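A.B. asks: here is a sequence together with a model predicted from it:
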Amino acid sequence: MTDDGLRLIAAALAVGIGAVGPGVGIGVIFSGALQAMGRNPEAEGTLRTYMFLGFALVEALFIFALVIALLIAFRIV
Amino acid sequence: MTDDGLRLIAAALAVGIGAVGPGVGIGVIFSGALQAMGRNPEAEGTLRTYMFLGFALVEALFIFALVIALLIAFRIV
Amino acid sequence: MTDDGLRLIAAALAVGIGAVGPGVGIGVIFSGALQAMGRNPEAEGTLRTYMFLGFALVEALFIFALVIALLIAFRIV
Amino acid sequence: MTDDGLRLIAAALAVGIGAVGPGVGIGVIFSGALQAMGRNPEAEGTLRTYMFLGFALVEALFIFALVIALLIAFRIV
Amino acid sequence: MTDDGLRLIAAALAVGIGAVGPGVGIGVIFSGALQAMGRNPEAEGTLRTYMFLGFALVEALFIFALVIALLIAFRIV
């Protein structure tokens, strides 16, 4: 059991746990957008704008975790 | 206890924990789409488009975790 | 198995677990904003202000966790 | 594997797990405020007061966890 | 790896995990109060009373975890 084994565990934990929050969060954003579109279809353009904005901001959290995971997996850190 | 044992644990953690968030998130998206369609059946076409879009974006989070898990399991990383 | 291995685990845990709460929280904020805009499109300006305010305050929590993770990963702490 | 490695793990866990609850909680508070403002825009002043009050009280939980994490990371405890 | 290292882990886990539940719970309380105030602004006084009562009762859970964490961190237990 050397550091290389722990390196694999660390990369797996970073990308695995890092997907939990954004996975739920992006789902909640799309769910809210779908319900708002069902109630008020005329507002589709405005809703779409904020829906993609929210998606991008939450996805960024996952990207940070993914970058850390790749840094660990490919022995850069 | 060698690194090969830790490798198995790492692959299991990446794919297991990585499925938690997207599993909940995709469920929330379909739930919101179903409720919106039940309230406003005429909007089914628009809602279906955004429903599949949201599904694909959340599924992508799981795909990243799965790729990391496969890289670990098949000794590429 | 030395401290360097634990260092990688620590960085992965900080950025991974630190993304869970803000990931969900930012998603909930945008979902609430989208639903409020769908119900009352005239209030878009006010809602947008508080939406970004809430985003920034929740994002700050993740930034703290990210800073700790980078301090650990690059051997400053 | 010495105590210094465990010290890094402890700091990461304190700031990481400590951000989960407040991250979700602050998001829920802002979501509720946004929905209430969308339904009743005249009550914005009152809602804003209680929104910031709730934010401060939940943020305090994270601050405690951050202080413990910094005490651990910089070898004060 | 001595007991002093495990002591740090224990303090971090107590304050970190102890903040998860109250962080979410206090957020849900304030969210419910804000939505009720938006729907019925005349009931602000009554709602405020129960809102603070609920906050205090949930905060007490975190205080217990914080006290245990400090007892562990400063070597009293």
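C.D. replies: Ah, there it is.
A.B. asks: what about the closest residue to residue A:11 other than its chain neighbours, how many neighbours?
C.D. replies: Nearest non-adjacent residue to residue A:11, counting by C-beta to C-beta, 6 or more residues apart in numbering or on different chains: residue A:73, 4.0 Å away. Backbone N, C-alpha and C define where each C-beta goes, glycine included. As a burial measure, residue A:73 scores 23 neighbours (other C-beta atoms under 10 Å in any protein chain shown).
A.B. asks: with residue A:43 instead?
C.D. replies: For residue A:43, the count of nearby residues is 18 (other C-beta under 10 Å).
A.B. asks: by contact count, what packs against the helix ranked longest in chain A?
C.D. replies: What stands out as the longest helix in chain A, according to DSSP state H, is helix A:44-73. Identification of packing neighbours for helix A:44-73 by 3 or more C-beta pairs under 8 Å, 6 or more residues apart in numbering or on different chains; DSSP states H and E yields helix A:3-18, helix A:20-39, helix B:44-73, helix C:3-18, helix C:20-39, helix C:44-73.
A.B. asks: at 6 Å instead, please
C.D. replies: In terms of contacts (3 or more C-beta pairs under 6 Å, 6 or more residues apart in numbering or on different chains; DSSP states H and E), helix A:44-73 is packed against helix A:3-18, helix A:20-39, helix C:3-18, helix C:20-39.
A.B. asks: how about stretch A:30-42, does it reach chain D?
C.D. replies: No: counting by C-beta under 6 Å from any C-beta of the partner chain, chain D has no neighbours in stretch A:30-42; the shortest distance is 8.9 Å.
A.B. asks: right, is that stretch up against chain C?
C.D. replies: Yes: residues of stretch A:30-42 are located near chain C by C-beta under 6 Å from any C-beta, namely A:32-33, A:36, A:39-40.
A.B. asks: just the buried residues of those residues.
C.D. replies: Neighbour counting over these (16 or more other C-beta atoms under 10 Å in any protein chain shown) leaves A:32-33, A:36, A:39-40 as the buried ones.
A.B. asks: quick check: the nearest residue to residue A:59 once chain neighbours are set aside vs residue E:23, distance?
C.D. replies: Nearest residue to residue A:59 in three dimensions, chain neighbours excluded: residue A:22, at 6.2 Å (C-beta to C-beta, 6+ apart). According to C-beta to C-beta, to the nearest Å, residue A:22 and residue E:23 sit 18 Å apart.
A.B. asks: for residue A:48, the count of nearby residues, please.
C.D. replies: 16.
A.B. asks: low-confidence stretches in chain A?
C.D. replies: Under the criterion pLDDT under 70, no range of chain A is flagged.
A.B. asks: hang on, the earlier thing: and which of the residues of stretch A:30-42 next to chain C is nearest to chain E?
C.D. replies: residue A:32 (14.4 Å; C-beta to the nearest C-beta).
A.B. asks: the closest one contacts residue C:35, doesn't it?
C.D. replies: Yes: Residue A:32 is within contact range of residue C:35, at 5.1 Å (criterion: C-beta atoms under 6 Å).
A.B. asks: about what we covered before: distance to residue E:53 added to the helices and strands packed on helix A:44-73, as a markdown table?
C.D. replies: Compiled in a markdown table, the helices and strands packed on helix A:44-73 are given as follows (distance: least, C-beta to C-beta, whole Å):
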| stretch | distance to residue E:53 |
| --- | --- |
| helix A:3-18 | 35 |
| helix A:20-39 | 29 |
| helix C:3-18 | 31 |
| helix C:20-39 | 24 |
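A.B. asks: out of the ones you listed, the one nearest residue E:10 is which?
C.D. replies: helix C:3-18 (15.8 Å; C-beta to C-beta).
A.B. asks: what comes into contact with the closest one?
C.D. replies: A:3, A:6-7, A:10, A:13-14, A:17-18, A:65, A:68, A:72, C:62, C:65-66, C:68-69, C:72-73, D:2, D:4-5, D:8-9, D:12, D:16-17, D:19 (C-beta atoms under 6 Å, 6 or more residues apart in numbering or on different chains).
A.B. asks: can you flag the buried ones in these?
C.D. replies: Judged by 16+ other C-beta under 10 Å, buried ones among the contacts of helix C:3-18: A:3, A:6-7, A:10, A:13-14, A:17-18, A:65, A:68, A:72, C:62, C:65-66, C:68-69, C:72-73, D:5, D:8-9, D:12, D:16-17, D:19.
A.B. asks: how about chain A: which residue is closest to chain D?
C.D. replies: For chain A, C-beta to the nearest C-beta, closest residue to chain D: residue A:21, 7.6 Å.
A.B. asks: which residues touch that residue?
C.D. replies: Counting by C-beta under 6 Å, 6+ apart, residue A:21 touches C:19-20, C:23-24.
A.B. asks: which of these are close to chain E?
C.D. replies: Checking the contacts of residue A:21 against chain E by C-beta under 6 Å from any C-beta, not one of them is in range.
A.B. asks: distance to chain B added to those, as a markdown table?
C.D. replies: As requested, the contacts of residue A:21 are arranged in a markdown table below (distance: C-beta to the nearest C-beta, whole Å):
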| residue | distance to chain B |
| --- | --- |
| C:19 | 10 |
| C:20 | 8 |
| C:23 | 8 |
| C:24 | 9 |
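A.B. asks: show the buried residues in those residues.
C.D. replies: Applying 16+ other C-beta under 10 Å to those flags C:19-20, C:23-24 as buried.
A.B. asks: what's the closest of these to residue D:47?
C.D. replies: Comparing those against residue D:47 with C-beta to C-beta places residue C:24 closest, at 22.2 Å.
A.B. asks: gap between that closest one and residue A:41?
C.D. replies: Distance of residue C:24 to residue A:41, computed by C-beta to C-beta: 28 Å.
A.B. asks: ditto for residue A:35
C.D. replies: Residue A:35 is 12 Å from residue A:41, by C-beta to C-beta.
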